[in-house]
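1. Predicted model and sequence follow; I will ask about them next.
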Amino acid sequence: MQATEVIKLVLGEGLPMIGRLLLYDAMKMSFREVKVRRNPDCELCGEHPSVKELIDYQAFCNVPLGVEEAEVFDGSAYEMTPKALKQLLDSDEQPVLLDVREPYEWDICRIEGAELMPLSSFKADQTGITTDTPIVLYCYKGVRSMSALQELKKAGFSKLNNLEGGIDRWALEVDPDMPRY
Amino acid sequence: MKLSNEEVTRYSRHLTLPEVGMQGQLKLKEAKVLMIGAGGLGSPLGMYLGAAGIGTIGVIDFDVVDQTNLHRQIAHSLGDLGRPKAESLRETLLAANPNVRVEVHDERLTRDNALELFECYDIIADGSDNFETRYLINDAAFFTKKPLVSASIFRFQGQLSVFDPASGGPCYRCLYSQPPPASLVPS
């Protein structure tokens, strides 16, 4: 469809999608069209434009977050390398291993002995785990599990670790038979 | 400009369409289209444009082919793993139609190279996958007065439009004046 639009413009034939937006939903196999009008207040093509040359798009798209959200959590003290986790799991002091990925990811691969607690429905006060239990969290790359770790920390849990680099790094460094996705 | 005998045969089903015809096919041959992105959108876009006989196709993409691309970025094959996507797409297009000229730009589109690059083409086709690039493309297309054929996709949903303020239409910013908060943007 994109190619057809290019070809129509070159040929000068047909009705190009100028001023129209096509919305396609493959799951519903539905096509919807909405009109798009020129915005007289548009910062680029409006009557009083403020964008008069190319700008810093990285800054433009990194819309500053609210004050609370902007508070950065330094999780480096909680990071545990895949090798260190492997040693811990092989020892007698087994921690509770929490996988905070979503079920479809769990179906692809998982670390043996882990328990699934998806971040999307994660509640730090409903884990059924006592706050002095050693816990290691992991996700795909280690970011989501760090936010679950923060919630657990706020809820009073004291022995927390995060698998650095997530299950993806685990597959690279500890379990080469594990599929990567 | 003239079509070779081989081209006449190749494009014969175009030449017999009243909407295209010889004049139209020559317009396609003279056209210069810049594609941004040689991935999920760029693969079919490039393959159709090349097969249809767009004379000059520019492809800009800084990425290399990864195994996780192959299930949807159909211009790339197993043998292309690790190769620049723009280069891989070029070979796919030329294999189907050696009459087209494919200009590879194995680099990232930035505010420093966008205007100069856009000036070399008649139409811009956006198949990028992030908001920074999408706004950059929109603004650069506006400043160089080039029509922008914009497509985007997320999971099972897609959007398509043509932004051409030079002919009185809206631009991408008229539709989306601000990008979504960074925290809501899927990676």
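-> Structure received.

2. show me where chain B has helices.
-> Counting by DSSP state H, chain B has helices at residues B:5-10, B:12-15, B:21-30, B:42-52, B:85-96, B:114-119, B:131-143, B:172-175.

3. buried sites along stretch A:102-111?
-> By neighbour count on 16 or more other Cβ atoms under 10 Å in any protein chain shown, the buried set for stretch A:102-111 is A:E102, A:E105, A:C109, A:R110, A:I111. Every C-beta, even on glycine, is put in place using the N, C-alpha and C of the backbone.

4. And that stretch, how far out from the chain middle?
-> 15 Å (Cα atoms, centre = their mean, to the nearest Å).

5. hmm, back to that, closest one to A:G156 among the helices of chain B?
-> helix B:131-143 (38.8 Å; Cβ to Cβ).

6. List the neighbours of the closest one that are in contact with it.
-> For helix B:131-143, the external contacting residues (Cβ atoms under 8 Å, 6 or more residues apart in numbering or on different chains) are A:44-45, A:51, A:53-55, A:57-58, A:60-61, B:36, B:109-111, B:114-115, B:118, B:124, B:126, B:128, B:147-148, B:150, B:152, B:163, B:165, B:171-173, B:179-180, B:185.

7. What of stretch B:164-174?
-> For stretch B:164-174, contacts defined as Cβ under 8 Å, 6+ apart pick out A:16, A:18-19, A:36-39, A:42-46, A:51, B:134-135, B:137-139, B:141-142, B:145-148, B:150, B:162-163.

8. Among those residues, name the buried ones.
-> Among those, those classed as buried by 16+ other Cβ under 10 Å are A:16, A:18-19, A:36, A:39, A:42-46, A:51, B:134-135, B:137-139, B:141-142, B:146-148, B:150, B:162-163.

9. Let me see the contact set for the residue positioned nearest the centre of chain B.
-> Taking Cα atoms, centre = their mean, the centroid of chain B lies closest to B:M35, which sits 2.4 Å from it. Taking Cβ under 8 Å, 6+ apart as the contact definition, B:M35 lies against B:G42, B:L45, B:G46, B:L49, B:I57, B:G58, B:V59, B:I60, B:A125, B:G127.

10. List the beta-bridge partners for it.
-> B:M35 forms beta bridges with B:V59, B:A125, as assigned by DSSP bridges.

11. contacting residues for A:A3?
-> Contacts here follow Cβ under 8 Å, 6+ apart; on that basis A:A3 touches B:P44, B:L45, B:Y48, B:L49, B:A52.

12. Generate TSV for these, with distance to chain A and neighbour count as supplementary columns.
-> Putting the contacts of A:A3 into TSV (distance: Cβ to the nearest Cβ, whole Å; neighbours: other Cβ atoms under 10 Å in any protein chain shown) gives the following:
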residue	distance to chain A	neighbour count
B:P44	7	18
B:L45	5	30
B:Y48	4	18
B:L49	5	27
B:A52	6	20
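
13. Show me where chain B dips below the pLDDT cut-off.
-> Regions of chain B meeting the criterion pLDDT under 70 cover residues B:183, B:187.

14. 90 instead, please
-> Along chain B, the parts satisfying pLDDT under 90 run over B:1, B:180-187.

15. quick one on the thing from earlier: between the helices of chain B, which one is nearest to A:G75?
-> Evaluated over the helices of chain B, closeness to A:G75 peaks at helix B:131-143, with 26.4 Å, by Cβ to Cβ.

16. Now do the strands in chain A.
-> Counting by DSSP state E, one finds strands in chain A at the ranges A:20-25, A:30-35, A:79-80, A:96-99, A:115-116, A:135-138, A:160-163.

17. Of all those strands, which one is nearest B:H76?
-> Proximity to B:H76 (Cβ to Cβ) singles out strand A:20-25 among the strands of chain A, at 23.2 Å.

18. got the angle for the closest one vs strand A:30-35?
-> 160 degrees (axes from the mean of the first three to the mean of the last three Cα atoms, to 10 degrees).
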